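Engineer: got a structure for you, letters missing:
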């Protein structure tokens, strides 16, 4: 089935540095990728929707200059957390739309645990 | 606006007993409904979905869900719970809205605890 590979699984960075998270679709073309943020034992909060070759659409309240999303190819989308601070520590998950027989489905990356110290 | 509600933060059940995790939805038009499971520090795993057809949907790992249009519900069920089913469960609806972005709207999640 459709697989999204997300890397790294976890990362620790110093405050003020930038971190890049990659999501690759391994056996399909992901024209649309969604980026979520999740706090412990809470639901997924959609941050932005990225479409290949165009600018990402950010949800209200999400700083687009802080969370840079690039979707330059049909198999790769990246999220860069710029000038990270401890409050950016969270679990980040990507998801891609997949057409599955009777309709659309979604496949998720395994997530990235970001800790900013 | 589309929305999904999971009224229970946690469900506790004994191993071998049936389990139900509740979900209600509010959509305009026909809903596309999903259930996902999440284990600690992992992404979401697909369990099942309803788009059209039979109201009873069978999914992965012995789970099933019943679509009830009159009650706007899509409860997740399993006849006999396993300890390994203990995890965080999310109900979601595909947002078609005005932009047809296809993004998923998630419920707040329900922690299922199955005790031996």
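Structural biologist: Ah, there it is. None of these values were measured; they are calculated from a predicted model. Numbering: from 1, shown residues only, chains lettered A, B, ... in the order given.
Engineer: who are the contact partners of residue 15?
Structural biologist: In the absence of a named chain, this looks at chain A. A:84-86, A:116-117 (CB atoms under 8 Å, 6 or more residues apart in numbering or on different chains). For the C-beta atoms, the positions are set from N, CA and C on the backbone; glycine is no exception.
Engineer: wrong one, I was asking about chain B
Structural biologist: B:81-83, B:114-116.
Engineer: got a winner among the contacts of residue A:15 for most neighbours?
Structural biologist: In terms of neighbours by other CB atoms under 10 Å in any protein chain shown, the contacts of residue A:15 top out with residue A:84 at 22 neighbours.
Engineer: so that one is in which element?
Structural biologist: Using DSSP states H and E, residue A:84 sits within no helix or strand.
Engineer: wait, it sits on residue A:92?
Structural biologist: No - between residue A:84 and residue A:92 there is no contact under CB atoms under 8 Å: 11.5 Å.
Engineer: anything in contact with each of these two?
Structural biologist: The contact lists of residue A:84 and residue A:92 share residue A:114, where a contact means CB under 8 Å, 6+ apart.
Engineer: which one of the contacts of residue B:15 is nearest to chain A?
Structural biologist: Set against chain A, the nearest of the contacts of residue B:15 by CB to the nearest CB is residue B:114 (17.2 Å).
Engineer: so which elements touch the strand or helix carrying the closest one?
Structural biologist: For residue B:114, the host element (DSSP H and E) is strand B:110-115. If contacts are counted by 3 or more CB pairs under 8 Å, 6 or more residues apart in numbering or on different chains; DSSP states H and E, strand B:110-115 sits against strand B:10-14, strand B:19-21, strand B:87-94.
Engineer: near chain B, which residues of chain A?
Structural biologist: A:6, A:10, A:32, A:34, A:41-44, A:46, A:49, A:57, A:91, A:93, A:95, A:97, A:102-111, A:113 (CB under 8 Å from any CB of the partner chain).
Engineer: please report how far residue A:26 lies from chain B.
Structural biologist: As judged by CB to the nearest CB, to the nearest Å, residue A:26 and chain B stand 14 Å apart.
Engineer: any idea how far that residue is from residue B:75?
Structural biologist: Using CB to CB, to the nearest Å, residue A:26 is found at 33 Å from residue B:75.
Engineer: just how off-centre is the lowest-mean-pLDDT helix or strand in chain A within its chain?
Structural biologist: The helix or strand of chain A with the lowest confidence, counting by mean pLDDT, DSSP states H and E, is strand A:103-108 at a mean of 83. How far strand A:103-108 lies from its chain's middle: 15 Å, per CA atoms, centre = their mean, to the nearest Å.
Engineer: right, and the helix or strand after it?
Structural biologist: Immediately after strand A:103-108, counting by DSSP H and E, sits strand A:112-116.
Engineer: residue ranges with poor pLDDT in the chain?
Structural biologist: Unless you meant another one, I'm taking chain A. Residues of chain A meeting the criterion pLDDT under 70: A:100-103.
Engineer: switch to chain B, please.
Structural biologist: B:97-101.
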